[in-house]
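Enquirer: Provide a 3D model corresponding to the input given below.
(one chain, ligands or ions: 1)
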Amino acid sequence: MAITLYEIVCADDARFSPYAWRSRLALAHKGLEAEFVPCRFTDKAKIAFSGQDKTPILIDDGQVVCDSWSIACYLEEHYPHRPSLFGGSAARQLARFINHRTDTQLNPALFRLLAYDIYLRVDPVDREYFRRTREARLGRPLEQVHAERDRYLPALASALVPLQMALGEQPFLSGRAPAYADYIVMGTIQWTARASELPVVAENAPLYAWRERMLDLHGGYARTRGLPQSQGLEIPAG
Ligand SMILES: N[C@@H](CCC(=O)N[C@@H](CS)C(=O)NCC(=O)O)C(=O)O
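Expert: Just a heads-up that it's a prediction; the model follows:
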């Protein structure tokens, strides 16, 4: 039975969820095909079967797995003969650290810069929900956060420093070959690229060269999949 992944989409069908991109890249790494089911933020009834209200959600052989980290662990355990996502238990624990660091430092630093762009890109039916929940999180109106964005750039630059340093020394965060830690951070890069025009990655930085390598992986998966409908090169939903 085919694997299914539920994920949030923009109004133009672009796939921009940083967490769903982690799962997409984990599936590609394992060489697993999947069907991708688009969800709006307010499509809570559509995902109620999962017993919680967030995506990504993976369904495989009747098993429902929520949360991108749990999905990665599930894929690693259930598809052990395919390329390893972590490369051993110590590497898995380090990837977990990268997961926490990205969720608590990098993504929040970026979210303040992206929030208003995302608001403009989500489906119109999601706008009131997105504004209400995100303004509660940010503590002020989206327009105000947008107007103040220059003030948030130093925090983003500082969250990127350890990534730039690591990638100046090795081709991937995981060393010579990409693994799940790379997919965690690439999810964030895809989120930015698909939801905004924000130039997060300067062209001459190690992060830029890494992103190019990441975009090329798995037959150019991150370059060609999940694009807005108007730019879809091949399988628009996949
Ligand atoms: N820890 C979760 C976070 C998932 C998450 O926050 N997903 C967002 C989409 S990117 C969501 O479903 N939000 C629904 C909402 O805000 O109502 C993971 O790693 O999968």
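Enquirer: need the contact list for E7.
Expert: E7 makes contact with R15, S17, A20, S23, R24, F36, V37, P38, C39, T55, P56, according to Cβ atoms under 8 Å, 6 or more residues apart in numbering. Any C-beta I mention is one placed from the backbone N, CA and C, and that applies to glycine too.
Enquirer: switch the cut-off to 6 Å
Expert: Taking Cβ atoms under 6 Å, 6 or more residues apart in numbering, we find E7 in contact with R15, S17, A20, T55, P56.
Enquirer: In which helix or strand does it reside?
Expert: Under the criterion DSSP states H and E, the helix or strand holding E7 is strand 3-8.
Enquirer: centre of the chain versus whichever helix or strand comes after that strand, how much separation?
Expert: Tracing the chain C-terminally past strand 3-8 and defining elements by DSSP H and E, one meets helix 18-30 next. When C-alpha coordinates are averaged (Cα atoms, centre = their mean, to the nearest Å), helix 18-30 and its chain have centres 8 Å apart.
Enquirer: Residues in contact with helix 18-30: which ones?
Expert: Contacts to helix 18-30, defined as Cβ under 6 Å, 6+ apart, come from residues 5, 7, 34, 56, 68, 71-72, 75, 79, 82-83, 85, 183-184, 187-188, 190-191, 218, 221.
Enquirer: These: which ones sit near the ligand?
Expert: Restricting those to those within reach of the ligand (Cβ under 6 Å from any ligand atom) leaves P56, S68.
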